[in-house]
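Trainee: mind folding the following:
(chains A and B)
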Protein chains: 2
Amino acid sequence: MARPTPLSGFPEWLPDGRIVEQHVLDVLRRTFELHGFAGIETRAVEPLDQLLRKGETSKEVYVLRRLHDDPAAAEDDRSGQLGLHFDLTVPFARYVLENSGHLAFPFQRYQIQKVWRGERPQDGRFREFTQADIDVVGAGALPYHYEVELPLVMAEALGSLRDIGVPPVRILVNNRKVAEGFYRGLGLEDVEGVLRSIDKLDKIGADAVAALLVAETGASEDQARACLELAAISGADESVITRVRELAESRSVSSELLDEGLEELGALVRAAAERAPGVVVADLKIARGLDYYTGSVYETVLVGHEQLGSICSGGRYDTLASDGSTTYPGVGLSIGVSRLVSRLLAGGLVRASRSVPSAVLVAVVSEEARAASDAVAASLRSRGIPVEVAPAAAKFGKQIRHADRRGIPFVWFPGAVGEDGVRGADQVKDIRSGEQHDADAATWQPPVEDWWPRVQPAV
Amino acid sequence: MARPTPLSGFPEWLPDGRIVEQHVLDVLRRTFELHGFAGIETRAVEPLDQLLRKGETSKEVYVLRRLHDDPAAAEDDRSGQLGLHFDLTVPFARYVLENSGHLAFPFQRYQIQKVWRGERPQDGRFREFTQADIDVVGAGALPYHYEVELPLVMAEALGSLRDIGVPPVRILVNNRKVAEGFYRGLGLEDVEGVLRSIDKLDKIGADAVAALLVAETGASEDQARACLELAAISGADESVITRVRELAESRSVSSELLDEGLEELGALVRAAAERAPGVVVADLKIARGLDYYTGSVYETVLVGHEQLGSICSGGRYDTLASDGSTTYPGVGLSIGVSRLVSRLLAGGLVRASRSVPSAVLVAVVSEEARAASDAVAASLRSRGIPVEVAPAAAKFGKQIRHADRRGIPFVWFPGAVGEDGVRGADQVKDIRSGEQHDADAATWQPPVEDWWPRVQPAV
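Mentor: A predicted model of the protein is given here:
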């Protein structure tokens, strides 16, 4: 077998990169659990007709078939076909319906899994990637305060990664009710069309968006300018709300939906200013394209890496799922873990202090005495110290190089057995400083910062 | 959308079941890391031709195609096709070859991931399931002592699960060299054929296997009986080795390979008797079917649940991978986590003490005072206590029922604000005992056993 080459769009990390990714996942999980989110996993596959229910993602889905099924027959009958999930929201909605009798609502869950999309791979865009989602879903109703709570949980989770070298984040928030109320108040009825055009602002600029609005949504020049004025408003405090109100007044726009949306957005900005100062910014151009959001919407950029795109997005949806008798509204956000971690690694922002868990390599004096080294290792492990034993009773210099290549900081030398049959004192060497001294496997321990691999800024 | 029904072969757990599974995964990971195994993940897909290299598993593979690819064209050209991996060994071999220049050998890795097989689902046999693998792979050579070490790591990992209610395990070991040396010494050349027949012993019985050996491997009645006599030998101490030697002598079988295998098997049994007494049993009928093993082979049963099949299998392979210039021998074992966990849950052996992480529900006195409850929650979380805040300022009875339904042991009541504007003392209630007393969010903590959900025997 010739040396295989990587598959574009299917990222994999070397062991030290995986330590960084695992640390990120551990921190996210801990934050989610501290906030009471229950972890679940769903299967990787869903019936194809469920995956295609919304239509627009159809081209991204990977369809499965068993090798010895007849592909022509399978193609004819879509009903039994399975596809890989392309997000964690569709499977979560199905899980909620399937298990509604066994879940307590409102149900808060986190879910950290791989998803697959057959898109053309680009920087930060993969065909297989890991998402970390939190959602709260209610049965029948879901109070607004969760729309404040959830982005703050994400702010805390991402903020907990600052000390390993993750750049600060900026969470951009908007509210669909504000946009919809404003557009309708202006006399524009094609709300989706307007949102779709506004969504292109960063890509094509204000003039082109104005032209689009006129051409595609039937807006007048003046209405188009008003939409752009709304989209230009942003800020981290309540002055944002005042500016939207002033704009609406100057355009004689009055709308209950707009008022409701502004009240909600104001509450979010107020709470965020107190609980996560400087992180949350109201940005009235955030549209979240074609999605099914009905209230708050969120996007998140890594400060200094804005061109990477959003690393954490989501919003409120009035109908996550419905079984005919009950409707389940929800609010959630999803972190693009692979996008984040690939930037941390490729950008040289974060690194692991070593490539293996081991803090100690126990040297082997001779193959006959391997059991003595195994006993030292077992003693250290029994106190929670990660240890490996040298693969062979090579010269000590070679055994030290084995540790050095992996970044293992300590090498342990079992005492030599003298002619009298008595074993001398063990010694442990810090191979960074060269310091070596007697040590007892029943009591010695490494410094806390050397105990497990450290994940730290790479500077 | 009507209520969806589960897909056979694709298990999912309710939140409390997932807590059990997550605990099992955490314990395995910790044990592997204490032994210095580096964690990696590989992509879920491999080129189809790599998955089918060994041929015999071909019918189990799920093939992928993008929805809008032409299925006929894809079918014609297998070269670009991708399939879901059906184990973690094939992808690991590819990973080793692809990254050999960046890995330090011997390379010890653990890998915990889902795999997929399009088999007919049965009890303990799924189409999607989680495996937890450890392997050590060398470049060019790999010392025998790893064949002793690895099953003992698994014995420790599975033993660490005893206190949550996992039954004891029995690791059955054999050595291909013993079987091959004995068969060849008897004059039987179709070693694979003999192994294949012996592998059916538990299913079809000794007489049928004897008939098979005669019919399919050209064995005489007497040779067949000798093979069965070897397969009947088992035991937890070195007397096993003596009995095989005596059998070989009585049949005038002499073979260097047999001697080498017996020496290895003896070393394993000796070390296991000391380091994991009562767990490892030499069982000369363990054949591991058609696999590519060349030395030690392992299977593991849950005591009292033998009919579930092996929950942890593996062995030594002289050629895990090869790139023409270097051959990579390895030894590894794989735990069938889904098989194990499904038995723990369905068999009512293990349960979680609650269905959410939260140790505390902070009650909300009124929606206007929600910020006070959020502040209590933040204070408790800052000291690592998992907390959720009540969804609505309902009557306290209803808020307590919210906690009770989820198994949350404590409800926190923020002090009422008096007419003088001063907030009274907070109180915390243990809803199991009904005990309630004043508490300070800056210092109170739950008993250690209530801090996180406990995973425990279900008796």
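
Trainee: drop to CA atoms for contacts and neighbour counts, all remaining ones
Mentor: Fine.

Trainee: quick one, what contacts the residue of the stretch 101-250 of chain A found nearest chain B?
Mentor: Nearest residue of the stretch 101-250 of chain A to chain B (C-alpha to the nearest C-alpha) works out as A:G118 at 6.1 Å. For A:G118, the contacting residues are A:59-62, A:127, B:66, by C-alpha atoms under 8 Å, 6 or more residues apart in numbering or on different chains.

Trainee: and A:F182, by the same measure?
Mentor: Counted by C-alpha under 8 Å, 6+ apart, A:F182 has contacts A:248, A:253-255, A:258.

Trainee: now with 7 Å?
Mentor: The contact partners of A:F182, by C-alpha atoms under 7 Å, 6 or more residues apart in numbering or on different chains, come to A:253, A:258.

Trainee: in the stretch 301-450 of chain A, mark out all the strands, start to finish.
Mentor: A:312-322, A:327-336, A:350-352, A:360-362, A:387-389, A:410-413, A:427-430, A:436-438 (DSSP state E, counting those that start in this stretch).

Trainee: out of those strands, which comes closest to chain B?
Mentor: Set against chain B and scored by C-alpha to the nearest C-alpha, the strands of the stretch 301-450 of chain A come closest in strand A:387-389, at 5.2 Å.

Trainee: all strands in the stretch 51-200 of chain A, in order from the N-terminus.
Mentor: Going by DSSP E, counting those that start in this stretch, the stretch 51-200 of chain A shows strands at A:62-66, A:82-84, A:107-116, A:128-137, A:169-175.

Trainee: okay, those in JSON lines with distance to B:T89, mean neighbour count and mean pLDDT next?
Mentor: JSON lines is the format used below for these (distance: least, C-alpha to C-alpha, whole Å; neighbours: other C-alpha atoms under 10 Å in any protein chain shown; pLDDT from 0 to 100):
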{"stretch": "strand A:62-66", "distance to B:T89": "20", "mean neighbour count": "22", "mean pLDDT": "92"}
{"stretch": "strand A:82-84", "distance to B:T89": "22", "mean neighbour count": "22", "mean pLDDT": "96"}
{"stretch": "strand A:107-116", "distance to B:T89": "20", "mean neighbour count": "21", "mean pLDDT": "98"}
{"stretch": "strand A:128-137", "distance to B:T89": "20", "mean neighbour count": "24", "mean pLDDT": "98"}
{"stretch": "strand A:169-175", "distance to B:T89": "39", "mean neighbour count": "25", "mean pLDDT": "97"}
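
Trainee: reformat the ones you listed as CSV; add distance to B:V411.
Mentor: Formatted as CSV, the strands of the stretch 51-200 of chain A follow (distance: least, C-alpha to C-alpha, whole Å):
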stretch, distance to B:V411
strand A:62-66, 46
strand A:82-84, 41
strand A:107-116, 18
strand A:128-137, 20
strand A:169-175, 32
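
Trainee: A:E21 is nearest to which of these?
Mentor: Of all those, it is strand A:128-137 that lies closest to A:E21, at 10.1 Å by C-alpha to C-alpha.

Trainee: circling back: any idea which of the strands of the stretch 51-200 of chain A gets closest to B:K285?
Mentor: Taking C-alpha to C-alpha, strand A:62-66 is the member of the strands of the stretch 51-200 of chain A nearest to B:K285, at 33.2 Å.

Trainee: just want the angle from that closest one to strand B:62-66.
Mentor: With axes from the mean of the first three to the mean of the last three C-alpha atoms, to 10 degrees defining the directions, strand A:62-66 sits at 150 degrees from strand B:62-66.

Trainee: strand A:62-66 pairs with which strands, and in what direction?
Mentor: Strand pairing for strand A:62-66, using DSSP bridges, gives strand A:82-84 (antiparallel), strand B:62-66 (antiparallel).

Trainee: confidence score at the nearest residue to A:P414 once chain neighbours are set aside?
Mentor: Leaving aside its chain neighbours, A:P414 sits nearest to A:D426 (4.5 Å; criterion: C-alpha to C-alpha, 6 or more residues apart in numbering or on different chains). On pLDDT, A:D426 comes in at 97.

Trainee: what's around A:D426, how many residues?
Mentor: If you count neighbours by other C-alpha atoms under 10 Å in any protein chain shown, A:D426 ends up with 16.

Trainee: output the below-cut-off pLDDT ranges for chain A.
Mentor: Counting by pLDDT under 70, chain A has low-confidence residues at A:1, A:55-59, A:70-79, A:289-291.

Trainee: got the domain ranges for it?
Mentor: A:169-302, A:360-457 (automatic domain parsing).

Trainee: and the longest one, end to end?
Mentor: Yep, that's domain A:169-302 we're talking about. Terminal residues of domain A:169-302 are spaced 5 Å apart (C-alpha to C-alpha, to the nearest Å).

Trainee: how about the residues of the stretch 251-400 of chain A near chain B?
Mentor: Residues of the stretch 251-400 of chain A lying close to chain B by C-alpha under 7 Å from any C-alpha of the partner chain are A:322-324, A:356-358, A:381, A:384-388.

Trainee: closest to chain B out of these?
Mentor: The closest of those, once distances to chain B are taken by C-alpha to the nearest C-alpha, is A:P386, at 3.8 Å.

Trainee: so how many other residues sit close to the nearest residue to the closest one once chain neighbours are set aside?
Mentor: Excluding its sequence neighbours, the residue lying closest to A:P386 (C-alpha to C-alpha, 6+ apart) is B:L34, at 3.8 Å. Neighbourhood size, B:L34 [other C-alpha under 10 Å]: 26.

Trainee: what does A:G278 give?
Mentor: Here the count is done by other C-alpha under 10 Å, and A:G278 has 15 residues near it.

Trainee: just give the closest residue to it, not the sequence neighbours.
Mentor: Among residues not flanking A:G278 along the chain, A:A236 sits closest, at 7.0 Å (C-alpha to C-alpha, 6+ apart).

Trainee: now for that neighbour: which residues touch it?
Mentor: So A:A236 contacts A:269, A:278, A:280-282 (C-alpha under 7 Å, 6+ apart).

Trainee: which one (most neighbours) among these?
Mentor: A:V280 (28 neighbours).

Trainee: who's that residue bridged to?
Mentor: In beta-bridge terms (that is, DSSP bridges), A:V280 pairs with A:I171.

Trainee: the residue sitting nearest the centre point of chain A and A:A442, how far apart?
Mentor: Central residue of chain A (C-alpha atoms, centre = their mean): A:I335, 2.7 Å from the mean position. A:I335 is 43 Å from A:A442, where distance means C-alpha to C-alpha.

Trainee: then A:E189?
Mentor: 76 Å.

Trainee: between the two, who's got more neighbours?
Mentor: Per other C-alpha under 10 Å, whichever of A:E189 and A:A442 has more neighbours is A:E189, with 15 against 12.

Trainee: how many neighbours does the closest residue to that one other than its chain neighbours have?
Mentor: Counting by C-alpha to C-alpha, 6+ apart, the nearest residue to A:E189 once its immediate chain neighbours are dropped is A:Y183, at 7.2 Å. Counted with other C-alpha under 10 Å, the neighbours of A:Y183 add up to 25.

Trainee: on that earlier part again, B:P453: which of the strands of the stretch 51-200 of chain A is closest?
Mentor: strand A:107-116 (15.2 Å).

Trainee: tell me who's in contact with the closest residue in space to A:L380 that isn't next to it in sequence.
Mentor: Nearest residue to A:L380 in three dimensions, chain neighbours excluded: A:A441, at 5.9 Å (C-alpha to C-alpha, 6+ apart). A:A441 sits next to A:376, A:379-380 when contact means C-alpha under 7 Å, 6+ apart.

Trainee: A:A441 and B:A272: what is the separation?
Mentor: Counting by C-alpha to C-alpha, the gap from A:A441 to B:A272 is 22 Å.

Trainee: for A:T42, which non-adjacent residue is closest in space?
Mentor: Closest to A:T42 by C-alpha to C-alpha, 6+ apart is B:E12, at 5.9 Å.
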